[in-house]
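**Student:** Model the following, please.
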Amino acid sequence: MFRRTAAISCFLLGLAAAQLPSAKFFFRDVAQAAGLAGRNVFGGLDRKDYILETTGNGVAIFDYDGDGRNDIFVANGTRLNSTTPSPPQLYHNDGDGHFHDVAGAAGLNVTGWGQGVCVGDFDNDGHPDMLVTYYGRNILYRNRGDGTFEDFTGKAKLPTSGIRYGSGCSFVDYDRDGYLDIVLANYVDLDLDKTPRPGQSDFCSWKSIPVMCGPRGLPKAYPVIYHNNHDGTFTDVSEAAGFLKPGGRYGLGVVAADFDNDGWPDIYIACDMTPSLYFHNLHNGTFEERGAEAGVAFNFDGALQAGMGVAVADYDNDGRLDIAKTNFSGDLTSLFHNDDGKFFTDVSRESGLKARQYLGWGVAFVDVDDDGWRDLIVANGHVYPEVEGKQLGDTYLQPTVLYHNLGNGKFKDVTEEAGPAFQTPRPARGLAVGDLDGDGRQEIVIVNMNSTPSLLKNSGARGHFINLSLSGTKSNRSAIGARAIVSVGGRKMIDEVMSGGSFYSNNSFTLHFGLGTAAAVDGIEIRWPSGTVQKIGKTTADQTLKITEQ
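**Tutor:** Here you go, the predicted structure:
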């Protein structure tokens with residue numbers, strides 16, 4: 001079944017081309033006016049003595065209270081030897097273009113070295129839950145359905161003691177049993193008492209500047225996968241599932257998606273100065289790691305990269321999901337084209353992505369002009385505040401970059417013409433996208449280290465669109481892993497509901513398809529994780545369909 005929800009009335013009436021703004025892209029940062037005023041706290045301001053102070057936080061866009069409006073969660077951190085707590089922020093969407101922080105009232109009060117966040121309804125009660133990763137112990141927040149969360153970590157039999165450097169995470173039903181499991185990357189097996197200070201070893205300087213040490217030279221960590229036992233508890237199955245076999249990594253961004261179109265979710269982990277991991281799902285509760293063989297572990301020259309964030313989309317509309325990965329300063333943003341479901345080609349150079357003195361973190365494919373081709377947004381910011389004023393070609397604050405998809409496999413850098421929000425340098429980390437004002441169009445939220453968030457609103461020219469909000473019944477309630485195929489104008493576009501991704505962040509689960517000049521789609525097909533296939537016929541554009549699995 002499905003229900004139609006108008007995005008805004010003027011879109012249902014249609015917009016003539018003459019009524020559209022003349023600028024193709026025009027983004028403004030409206031965070032201050034919207035009430036996103038909470039300051040991020042993460043490590044030192046002018047120097048970073050340890051790698052722990054550099055990674056920063058993620059952001060999630062989701063409707064936590066079921067009022068039909070997307071809210072914003074921002075993880076938060078602390079400083080070394082700080083006695084002042086810095087709680088996370090949960091910005092409730094008031095529906096009038098304004099947000100206010102309700103984290104305390106919602107029970108989100110754990111402080112410390114917060115890292116990433118991922119969203120998923122692990123107990124299938126219809127209320128989206130959250131996992132927040134930390135340096136220390138991770139927190140599983142169960143949504144009570146009354147506007148509050150409880151720390152369910154112990155009850156879920158997840159670790160509540162010991163120290164791990166939790167990083168990216170994702171909810172995923174890897175065995176398709178209708179219950180969401182958890183995948184976690186871990187960054188460094190970090191013991192601050194045993195970690196050298198800036199300048200004290202070969203891996204503690206950069207361009208002759210003494211800086212924090214790592215990750216090279218520090219102990220590697222291992223990714224973890226927890227199986228959902230259907231009773232609110234989880235079991236660590238990392239060894240049995242094959243997650244430990246590849247050895248340690250410096251893992252950061254995580255995403256799960258069906259890359260080979262076999263109906264089973266695979267898992268990709270962007271790794272820093274170690275080969276990135278691609279776990280191919282073998283359909284029996286185990287995975288085969290084949291990142292190097294598949295062509296997504298290294299760059300086009302076979303070199304290691306400092307992988308940070310990861311985004312997944314079918315950018316060329318060939319029916320297969322591709323991968324973008326952000327990297328360290330001076331490197332290209334990686335674009336791995338999915339050739340046949342088994343092998344990828346790094347087409348970063350050919351596609352027009354540029355090598356810059358920018359250090360990439362959050363990343364997302366977003367069709368900013370709704371022409372039916374997904375564009376690429378990359379949030380940047382250096383790890384070393386010490387580079388400021390050193391005349392090295394690097395700056396600590398860096399602009400966010402927008403690449404426009406030309407529809408022929410190539411991208412054009414349109415940052416300079418994308419409006420004032422793209423002209424502002426930031427110390428960016430996490431990035432998430434989702435419709436925050438109910439107009440059917442996606443906004444962009446960026447977490448800025450030791451600063452306030454950014455909320456980028458696009459008022460440029462646009463085409464038509466269709467949004468799909470999915471809810472599972474036999475499949476997991478969040479519909480994570482569900483694939484949508486939209487047919488329009490003789491071609492097909494695909495997307496999947498994914499948890500996690502970007503850098504430490506979670507996009508809205510609502511799938512957004514730009515349609516260009518088409519005022520209707522010819523048909524929609526939903527392939528649910530349960531194996532059910534659901535079809536919908538010709539449908540008018542410029543609306544959100546709420547589709548429940550039949």
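**Student:** Restricting to C-alpha, output stretch 204-217 in CSV.
**Tutor:** Extracted in CSV, the C-alpha atoms of stretch 204-217 (Å, rounded to 0.1, in the frame of the first residue of the first chain):
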residue,chain,number,x,y,z
CYS,A,204,54.5,12.8,14.4
SER,A,205,55.4,15.5,11.9
TRP,A,206,54.0,16.8,8.7
LYS,A,207,55.8,19.0,6.2
SER,A,208,58.4,19.6,9.0
ILE,A,209,55.7,20.7,11.5
PRO,A,210,55.4,18.8,14.8
VAL,A,211,51.9,17.4,14.8
MET,A,212,49.8,14.7,16.5
CYS,A,213,51.0,11.1,15.9
GLY,A,214,49.2,8.7,13.7
PRO,A,215,47.5,6.8,12.5
ARG,A,216,50.6,5.2,11.1
GLY,A,217,52.8,3.9,13.9
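**Student:** Pull out the buried residues from that stretch.
**Tutor:** 204, 206, 210, 211, 212, 213, 214, 215, 216 (16 or more other Cβ atoms under 10 Å). (Each C-beta comes from the backbone N, C-alpha and C, glycine too.)
**Student:** Now the two most distant members of those residues.
**Tutor:** 210 and 215 (16.8 Å; Cβ to Cβ).
**Student:** Pull out the buried residues from stretch 397-417.
**Tutor:** Within stretch 397-417, the residues scored as buried using 16+ other Cβ under 10 Å are 397-405, 411, 413-415.
**Student:** Now do the same contact list for the residue lying closest to residue 550 once chain neighbours are set aside.
**Tutor:** Of all residues not flanking residue 550 in the chain, residue 534 sits nearest, at 5.7 Å (Cβ to Cβ, 6 or more residues apart in numbering). Residues near residue 534 by Cβ atoms under 8 Å, 6 or more residues apart in numbering: 525, 526, 528, 547, 549, 550.
**Student:** What number of residues are in the vicinity of the last one?
**Tutor:** Close neighbours of residue 550, defined as other Cβ atoms under 10 Å, add up to 12.
**Student:** and what of the second one?
**Tutor:** For residue 526, the tally of surrounding residues (other Cβ under 10 Å) stands at 25.
**Student:** before we move on, what SS does residue 183 have?
**Tutor:** Here residue 183 is recorded as strand under DSSP: H, G, I helix; E, B strand; the rest coil.
**Student:** ok, now residue 447?
**Tutor:** strand.
**Student:** Please list all residues in contact with it.
**Tutor:** Shown in contact with residue 447 (Cβ under 8 Å, 6+ apart): 40, 56-59, 74-75, 362, 428-431, 453, 505.
**Student:** Worst mean pLDDT across the helices and strands of this protein, which element?
**Tutor:** helix 9-13 (a mean of 31; mean pLDDT, DSSP states H and E).
**Student:** what residue ranges in the protein score low on pLDDT?
**Tutor:** For the chain, the stretches with pLDDT under 70 are 1-23.
**Student:** And the helices in it?
**Tutor:** For the chain, helices defined by DSSP state H occupy the ranges 9-13, 31-34, 238-241, 291-294, 348-351.
**Student:** what's the closest of the ones you listed to residue 324?
**Tutor:** Distance to residue 324, taken as Cβ to Cβ, is lowest for helix 348-351 among the helices of the chain, at 9.0 Å.
**Student:** Show me what counts as buried in that closest one.
**Tutor:** Going by neighbour count (16+ other Cβ under 10 Å), the buried part of helix 348-351 is 348, 351.
**Student:** what about that helix, distance to the chain center?
**Tutor:** Offset of helix 348-351 from its chain centre (Cα atoms, centre = their mean, to the nearest Å): 22 Å.
**Student:** export that helix as CSV, just CAs?
**Tutor:** Only the C-alpha atoms of helix 348-351 are listed here, as CSV (Å, rounded to 0.1, in the frame of the first residue of the first chain):
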residue,chain,number,x,y,z
SER,A,348,38.4,9.9,-10.4
ARG,A,349,40.6,11.6,-13.0
GLU,A,350,38.5,10.8,-16.0
SER,A,351,35.3,12.0,-14.3
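**Student:** Which strands and helices lie in contact with that helix?
**Tutor:** If contacts are counted by 3 or more Cβ pairs under 8 Å, 6 or more residues apart in numbering; DSSP states H and E, helix 348-351 sits against strand 334-338.
**Student:** Provide the contact partners of the strand it packs on at residue level.
**Tutor:** Contacts of strand 334-338 (Cβ under 8 Å, 6+ apart): 259, 295-296, 299, 305, 307, 314-316, 318, 320-327, 344-348, 351, 353, 376, 409.
**Student:** next one: stretch 146-161
**Tutor:** By Cβ under 8 Å, 6+ apart, stretch 146-161 touches 64-65, 102, 105-108, 110, 122, 129-130, 137-144, 182, 226, 232-235.
**Student:** so where do the strands sit in the stretch 1-150 of the chain?
**Tutor:** Secondary structure of the stretch 1-150 of the chain (DSSP state E, counting those that start in this stretch): strands located at 2-6, 27-29, 59-62, 71-74, 89-93, 99-101, 113-120, 129-136, 139-143, 149-151.
**Student:** how about these, which one is nearest residue 163?
**Tutor:** Per Cβ to Cβ, nearest to residue 163 of the strands of the stretch 1-150 of the chain: strand 129-136, 5.7 Å.
**Student:** How about residue 535: what's its closest non-neighbour residue?
**Tutor:** Spatial nearest neighbour of residue 535, chain neighbours left out: residue 525 (5.2 Å); criterion: Cβ to Cβ, 6+ apart.
**Student:** Okay, and the beta partners of that neighbour?
**Tutor:** Here residue 525 sits in beta bridges with residue 485, residue 535, as judged by DSSP bridges.
**Student:** can I assume it is in contact with residue 485?
**Tutor:** Yes. Using Cβ atoms under 8 Å, residue 525 makes contact with residue 485 at a distance of 4.3 Å.
**Student:** shared neighbours, these two?
**Tutor:** Counting by Cβ under 8 Å, 6+ apart, no residue touches both residue 525 and residue 485.
**Student:** tally of neighbours for residue 278?
**Tutor:** Neighbourhood size, residue 278 [other Cβ under 10 Å]: 25.
**Student:** So what pairs up with it in the strands?
**Tutor:** So, taking DSSP bridges as the rule, residue 278 has residue 268 as bridge partners.
**Student:** and the gap between it and residue 270?
**Tutor:** In this view, residue 278 and residue 270 are 10 Å apart by Cβ to Cβ, to the nearest Å.
**Student:** Can you say which of the strands of the stretch 1-150 of the chain is nearest to residue 247?
**Tutor:** strand 129-136 (21.1 Å).
**Student:** ok, residues contacting that closest one?
**Tutor:** Counting by Cβ under 8 Å, 6+ apart, 52, 60, 73, 75, 88, 110, 112-123, 138-143, 149, 152, 163-169, 171, 182, 184, 190, 504 sit against strand 129-136.
**Student:** PyMOL command for the buried members of these?
**Tutor:** PyMOL command restricting the contacts of strand 129-136 to the buried ones, with burial defined by 16+ other Cβ under 10 Å:
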select buried, resi 52+60+73+75+88+110+112+113+114+115+116+117+118+119+120+121+122+123+138+139+140+141+142+143+149+152+164+165+166+167+168+169+171+182+184+190+504
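**Student:** Check the offset of stretch 394-405 from the chain's centre.
**Tutor:** On the basis of Cα atoms, centre = their mean, stretch 394-405 is displaced by 17 Å from the centre of the chain it belongs to.
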